[in-house]
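Trainee: Predicted coordinates and the sequence they were generated for:
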Amino acid sequence: MSYQLINSLITVFIMTFGLLANLIVLLTIRKMVSMKSSFGIITKNQAVCNILMCLLFLIFVGPLQLTSVGLCVRSKPENHIDGNISISKFIITK
């Protein structure tokens, strides 16, 4: 098996599990009377956002990992430096 196929299968498996888990959370929150408070609203909003992120990865990233389109980041020695700089900028601007 190629690395692209393994990466894509792992991504699809994890995102499918995340999608199902968040759907269960969303349905459970809607049925529980104790979750009608502000905490329940926040949890419901977080579950919806997680569902959208999982769908995004299932629809776009999983299939994109299988193709040889140049949109995926190619492995090069400077990638970890670029990633560290990006994360540092994100943390500083927070």
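Mentor: All right, it came through fine. Numbers count the residues shown, from 1 in each chain.
Trainee: Spatially, which residue comes closest to residue 25, not counting chain neighbours?
Mentor: residue 47 (4.7 Å; Cβ to Cβ, 6 or more residues apart in numbering). Every residue, glycine included, has its C-beta placed from N, CA and C.
Trainee: average pLDDT across the lengthiest helix in the chain?
Mentor: Counting by DSSP state H, the longest helix found in the chain is helix 3-31. The pLDDT scores in helix 3-31 average 90.
Trainee: and that helix, what other elements does it pack with?
Mentor: When contacts are defined as 3 or more Cβ pairs under 8 Å, 6 or more residues apart in numbering; DSSP states H and E, helix 3-31 sits against helix 38-56, helix 62-66.
Trainee: can you give me how far it is from the chain middle?
Mentor: 9 Å (Cα atoms, centre = their mean, to the nearest Å).
Trainee: now stretch 35-54
Mentor: 15 Å.
Trainee: and if you look at stretch 51-62?
Mentor: On the basis of Cα atoms, centre = their mean, stretch 51-62 is displaced by 7 Å from the centre of the chain it belongs to.
Trainee: Thanks again, I'm all set now.
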